[in-house]
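Participant: Just the structure for this:
(chains A, B, C and D)
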There are 2 protein chains.
Amino acid sequence: MTSRQARGLRGDLFDPQCPTRRLLDRIGTKWTSMVVKVLGEAGSEEIRFADLRRQIPGVSQKMLSVTLRSLTRDGLVARRVEPTVPPKVHYRLTDLGRSLETPLAALRDWAETNMAAIDLANSTAETDDGPA
Amino acid sequence: MTSRQARGLRGDLFDPQCPTRRLLDRIGTKWTSMVVKVLGEAGSEEIRFADLRRQIPGVSQKMLSVTLRSLTRDGLVARRVEPTVPPKVHYRLTDLGRSLETPLAALRDWAETNMAAIDLANSTAETDDGPA
DNA sequence: CTGGATCCGAAATGATACTG
DNA sequence: CAGTATCATTTCGGATCCAG
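Facilitator: Below you'll find the predicted structure:
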């Protein structure tokens, strides 16, 4: 291992170990932000696998499973199994997961405010009919 | 090619009102956040392609080009060409791009604060043994 | 110097079937 | 119901070559 971390590399977005880069790698995956959002809106209430899937249209069983396992491993989501037949598995955000909601909400807010501008920029670039 | 625009038949067709997903698609790509950060730290100063590349260790010429083109098309980055020989191309954040810095900084702050907890959760889960 | 075009391998995603 | 395994497809990222 390098000693770069010990050098106080916190802001170094360029290091593969940079926390921001790694965080973006995680929440940048297709379904993660949606899962966090759905679980976040549920507050401290738990949601079952099937319900979660129903609330995230388009997600496959596999990808939801993969996403949840990743989030659980990261300590952002808590998983509780009811050993019944058939089994029921409940998910909820941990405190750590809930703490992510604030910056994620800021990003969401920015997105909702500015995606229209981005779309406009895209359509403008396509037609290239900017002001003469 | 319109790789991002021409795909809307499956992924986000059901979710046209969630721009967050699309934003994360963009800033989640490997080099975007780095480019935004470098350009952001430069303030309103422009940075040339080669300088940008030098400040982002590991980025290939192609990916920097692709990333910049994407950001430019999105209206987050402004591109100015000096028609000299050899040509010089300068980049800087637009106002829209700079506005993204705030939520991005919030995310960065969260990452720097909490990635250690995520790493801890991971190592705990891996051994499933827990520290005695 | 800039950056587009193309080929290739790796990783993410998705569809389907199967297990406990 | 929840989750895994397998296979096919798509996308991403990197290397290289080529053009203005």
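Participant: hey, C-alpha coordinates of stretch A:95-102 in CSV?
Facilitator: Extracted in CSV, the C-alpha atoms of stretch A:95-102 (Å, rounded to 0.1, in the frame of the first residue of the first chain):
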residue,chain,number,x,y,z
ASP,A,95,-28.3,6.0,10.2
LEU,A,96,-25.3,6.1,7.8
GLY,A,97,-27.6,5.6,4.9
ARG,A,98,-29.9,8.3,6.1
SER,A,99,-27.0,10.7,6.5
LEU,A,100,-26.4,10.3,2.8
GLU,A,101,-29.8,11.5,2.0
THR,A,102,-28.8,15.1,2.7
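Participant: outside of that stretch, which residues touch it?
Facilitator: A:27, A:36, A:39-40, A:71, A:75-77, A:93, B:106, B:110, B:114, B:117-118, B:121 (CB atoms under 8 Å, 6 or more residues apart in numbering or on different chains). From N, CA and C alone the C-beta is placed, and that goes for glycine too.
Participant: hmm, 7 Å instead?
Facilitator: The contact list for stretch A:95-102, computed with CB atoms under 7 Å, 6 or more residues apart in numbering or on different chains, reads A:36, A:40, A:75-77, B:110, B:114, B:117.
Participant: Quick check: nearest residue in space to residue A:110, chain neighbours excluded?
Facilitator: residue B:103 (4.5 Å; CB to CB, 6 or more residues apart in numbering or on different chains).
Participant: Pick out the residue of chain A closest to chain B.
Facilitator: Of all residues in chain A, residue A:28 sits closest to chain B, at 2.3 Å by CB to the nearest CB.
Participant: so how many other residues sit close to that residue?
Facilitator: Using other CB atoms under 10 Å in any protein chain shown, residue A:28 has 19 neighbouring residues.
Participant: Tell me who's in contact with it.
Facilitator: Neighbour list for residue A:28: B:24, B:28 [criterion: CB under 7 Å, 6+ apart].
Participant: how near is it to DNA strand C?
Facilitator: From residue A:28 over to DNA strand C the distance is 8 Å, taken as CB to the nearest atom of the strand, to the nearest Å.
Participant: Now that residue A:89 has come up, it's in contact with residue A:47, right?
Facilitator: No. Contact criterion CB atoms under 7 Å: residue A:89 and residue A:47 do not qualify, at 9.8 Å.
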